[in-house]
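Asker: model this:
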Amino acid sequence: MDKRLLESFVAVYRSGSLVEAAERLNISQSALSRRITEFQSRLGLPLFEPSGRGMIATSDAHDLLPLASAALEGIAKLEAAARVNSVQPAVHITVAATAHTIETVVAPCIAAFVQTKPNIRIGVIETNGVEIENLVLSGQASMGITGRPRYDTGLIDRQIVRLDILAAAPKPFSAAERRNGIDLRLLCERELLVLDRGYQSRLTLDAALRLLSLSPGIRHEGGSATVILALARAGLGTAVVPASTRTDLHTAKIIANGIVLGMDLTAIWDPTLRWRAEVEQFADSLRASFSTHNRSRGR
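Answerer: Down below sits the predicted model:
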C-alpha cells in the first residue's frame, strides 16, 4: 500500500476537510482529491461523503482508521531502523534555477550543505524562469527555485525568502528615498536598466507599471544582473534588480501605491520524488541561510 495514500486518508479523516488536509500535507487540494479517489478505488469502498464544505467519514472509514494508523506507524519504524542500520545511499539532487538565482542563492549554500551531508551531490540546471516548473514536472530536475506563481500541479512549494526589488544607481538617493523607498512614478522619470522577462523581478515590475499605467524609458533590457549593474555604474541609467543581487551601488526599495515591490522566492518539488527528504533538507538549508543573512544585516 502506498504510504502517501494512507497519509492522505488519515489527514482527511482527522480534519473532515480536503482544504485543511491539503494544507497539513502541503499539497494542492486537487492532488489530495486524486489520492483519495485512488485509495477508494483500490479498496473498493466509499470512505467519505461530501457535506457542505467538509467531508464525512463512512462506517468503512471508521473501521479502517486504526489499521491505517498502525500501518503508518509501522512504516515509520521501518524507515527509522533502516536509516540507523544502513549505509547512507548516494543521492544526486539537481536544482533548476535562473543563472542569477544559482549565482546569488544556490551556489553559496551548496558547499556548507554537502559538508554535513557527504552522501549528497548537488547539480544545477541553468534555465529561463518560465521553464523551471516544467523541468520539475518532467523529472529532469529534483527541485526548482522560482518566483513564478505556481499552477495547480500538486507540486510541493516552500518559501525561501521574500525579496524586495531595488533601484540601484551610482549617485545616492535622497534621505527620504533611502529610508522609505523611491516611488515608482519618480523612478520612471529616469532611464531604466532592467532584466528581461525570464526573471520574476521583471514580471513583478511590469505588473506594477501596468497597474499604474506607467511607460518608463528603458535604455537596456538584458539577461544578466551583472551587466545592467555595470551599465548603471557607468552612468547609463538606474538598474532594477532583486535584493539578492550584490552591488556596491546606492540602492533604494521601490514603492508602488504605498507597497514595497517584492517577490517570493520559492522551492518546488514533486511529492513523489524518491529523494524527497534530502530535497526538503536542502530547501530548509536555503531558507536558514537567508534567515541568518537577514539577521546579520539587521545588527
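Asker: what residues are up against residue 73?
Answerer: Contacts for residue 73 (Cβ atoms under 8 Å, 6 or more residues apart in numbering) come out as none. Where C-beta positions appear, they are placed from N, C-alpha and C, glycine not excepted.
Asker: So for the helix or strand harbouring it, what gets flagged as buried?
Answerer: Using DSSP states H and E, residue 73 sits in helix 59-85. By neighbour count on 16 or more other Cβ atoms under 10 Å, the buried set for helix 59-85 is 61, 64, 65, 68, 72.
Asker: With residue 72 as the reference, measure out to the second one.
Answerer: Just to be clear, that refers to residue 64. According to Cβ to Cβ, to the nearest Å, residue 64 and residue 72 sit 12 Å apart.
Asker: what ranges do the strands span in the stretch 51-200 of the chain?
Answerer: In the stretch 51-200 of the chain, the strands defined using DSSP state E, counting those that start in this stretch lie at 54-57, 91-97, 120-126, 143-146, 156-169, 182-183, 191-195.
Asker: got a list of contacts for the second one?
Answerer: Outside of strand 91-97, the residues within contact range by Cβ under 8 Å, 6+ apart are 102, 105-106, 117, 119-127, 131-132, 135-136, 140-146, 275, 278-279, 282.
Asker: Please spell out which residues along it are buried.
Answerer: So for strand 91-97, counting by 16+ other Cβ under 10 Å, buried means 91, 93, 94, 95, 96, 97.
Asker: could you dump the buried residues of helix 59-85 to CSV with distance to residue 255 and pLDDT?
Answerer: Below are the buried residues of helix 59-85 laid out as CSV (distance: Cβ to Cβ, whole Å; pLDDT from 0 to 100):
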residue, distance to residue 255, pLDDT
61, 52, 91
64, 55, 91
65, 52, 88
68, 52, 87
72, 49, 82
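Asker: Now for those residues: which two are most distant?
Answerer: 61 and 72 (15.1 Å; Cβ to Cβ).
Asker: so who does the residue nearest the centre of the chain touch?
Answerer: With distances taken as Cα atoms, centre = their mean, residue 266 lies nearest the centre of the chain, 1.3 Å away. By Cβ under 8 Å, 6+ apart, residue 266 lies in contact with 145, 146, 147, 150, 157, 158, 159, 160.
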